[in-house]
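1. Provided below for reference: sequence and predicted model.
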Amino acid sequence: MIIVKGENVAIAVGTGGAIVAAFYFIWRKFRPRGVPTSVQWDIFAEMGDVNRDGHINSTDSKLVEAAFNAIPGSPDWNPAYDLNKDLVINLRDEYIIIANDRLNIWDYFGL
Ligand SMILES: [Ca+2]
Ligand SMILES: [Ca+2]
């Protein structure tokens, strides 16, 4: 049996290969992960993880969309949602989230 491990892929060849691949997939999903540093959390937040849960996804998009057109002083203003730091929350911030959609902090930083 030959197992080739890549960044996000496992290829198992031979008898039971599918079972080995399944276990590898499960291990990849549930293995203990490292703890991001505060600097890594800050970088990832600026990439679109506005709720800082470690994932850039539709939850972050919805938060930013709910604050569309907010500027400093607006009730919906949240500086964390102004990803491009141009002092208005709009589609330009949403594009940053879309560009990084589905990233997670642990894979991104190799933790
Ligand atoms: Ca998030
Ligand atoms: Ca902005």
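-> Structure's in. What do you need? Ligands and ions are numbered 1, 2, ... in the order given.
2. starting at the chain centroid, how far to the top helix by length along the chain?
-> When the chain is parsed with DSSP state H, its longest helix is helix 17-30. For helix 17-30, the gap between its own C-alpha mean and the chain's C-alpha mean amounts to 22 Å (CA atoms, centre = their mean, to the nearest Å).
3. can you list the residues of the protein near ligand 2?
-> Residues of the chain lying near ligand 2 by CB under 5 Å from the ion: D82, N84, D86, D93. C-beta here means a position set from N, CA and C on the backbone, and glycine is covered the same way.
4. let me see the ranges of the strands in this structure.
-> Using DSSP state E, the strands of the chain run over 2-5, 10-13.
5. re earlier: tell me which residues of the longest helix of the chain come out buried.
-> Counting neighbours by 16 or more other CB atoms under 10 Å, one finds that the buried residues in helix 17-30 are V20, A21, Y24.
6. for it, which helices and strands make contact with it?
-> strand 2-5, strand 10-13 (3 or more CB pairs under 8 Å, 6 or more residues apart in numbering; DSSP states H and E).
7. average model confidence for that helix?
-> Per-residue pLDDT over helix 17-30 has a mean of 85.
8. just the CA atoms of it, as PDB, please.
-> Output of helix 17-30 as PDB, limited to C-alpha atoms (Å, rounded to 0.1, in the frame of the first residue of the first chain):
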ATOM      1  CA  GLY A  17      -7.100   2.200   0.200                       C
ATOM      2  CA  ALA A  18     -10.600   3.800   0.400                       C
ATOM      3  CA  ILE A  19     -10.700   3.000   4.100                       C
ATOM      4  CA  VAL A  20      -7.300   4.500   4.700                       C
ATOM      5  CA  ALA A  21      -8.300   7.600   2.700                       C
ATOM      6  CA  ALA A  22     -11.500   7.900   4.800                       C
ATOM      7  CA  PHE A  23      -9.500   7.700   8.100                       C
ATOM      8  CA  TYR A  24      -7.000  10.200   6.700                       C
ATOM      9  CA  PHE A  25      -9.900  12.600   5.800                       C
ATOM     10  CA  ILE A  26     -11.400  12.200   9.300                       C
ATOM     11  CA  TRP A  27      -8.000  12.700  10.900                       C
ATOM     12  CA  ARG A  28      -7.400  15.900   8.900                       C
ATOM     13  CA  LYS A  29     -10.800  17.200   9.900                       C
ATOM     14  CA  PHE A  30     -10.600  16.500  13.700                       C
END
